[in-house]
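Asker: Pasted the sequence and its predicted model underneath.
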Amino acid sequence: MRCDEVRRLLSAYYDKELSPDRMEAIREHLNYCMRSCNKNLDSIKKVHSLMDYFPILEVGPYFESELFQKLEEERIRGKRINFGLKLALSLTAGILVFFLALNNIWKSQDTISSPSLNTYVKEYVEFAGTHISRNNPGLVITVTDALGDLIK
């Protein structure tokens, strides 16, 4: 037998799960092999000896049904999250497109043509500036700059 085939079968060899002919062929290979096959078998023995220290856990009578129920709940929850995420992204994209289009319309006009609209914006700036300055004086500059650029 070749080393790669023996290494592939070493765990089954250790557990005595192979036919007697195969067991004998691997035993013979291990007696004469100067490569890592014996080291691999030693590693398997160490793992099995360490596993003896772990307790054997027994599952309850409804373990399988509870497991499948929880898996199904997680699958459904994942679908809800995906739908919510898709909806939020769609709404965000729609709002972004709306504001970009609105911004392009505003930029395409050099000035606001309607005098009544111009007066309304100026009055709003004055009112907002007065109202906001009482609560947050730093925001007045931002509001008046932003809206002031619109009416120039």
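Answerer: Yep, it's here.

Asker: Just the element for residue 93, please.
Answerer: helix 63-108 (DSSP states H and E).

Asker: same question for that helix, mean pLDDT?
Answerer: Averaged over helix 63-108, pLDDT sits at 79.

Asker: likewise stretch 42-57?
Answerer: 85.

Asker: List the buried residues of that stretch.
Answerer: Of all the residues in stretch 42-57, not one is buried under the rule 16 or more other C-beta atoms under 10 Å. Placement of C-beta: from N, CA and C, glycine included.

Asker: what's it in contact with?
Answerer: 10, 11, 14 (C-beta atoms under 8 Å, 6 or more residues apart in numbering).

Asker: Take these and keep only those in helices.
Answerer: Among the contacts of stretch 42-57, the ones falling in helices (DSSP state H) are 10, 11, 14.

Asker: Which pLDDT does the model give the first one?
Answerer: As predicted, residue 10 sits at a pLDDT of 91.

Asker: just residue 119 next, same as before
Answerer: On pLDDT, residue 119 comes in at 66.

Asker: What of the one 3 residues further on?
Answerer: Predicted confidence (pLDDT) for residue 122: 64.

Asker: And for residue 16?
Answerer: On the pLDDT scale, residue 16 gets 92.

Asker: how's the chain carved up into domains?
Answerer: Here the domain assignment for the chain is 3-51, 102-152, based on automatic domain parsing.
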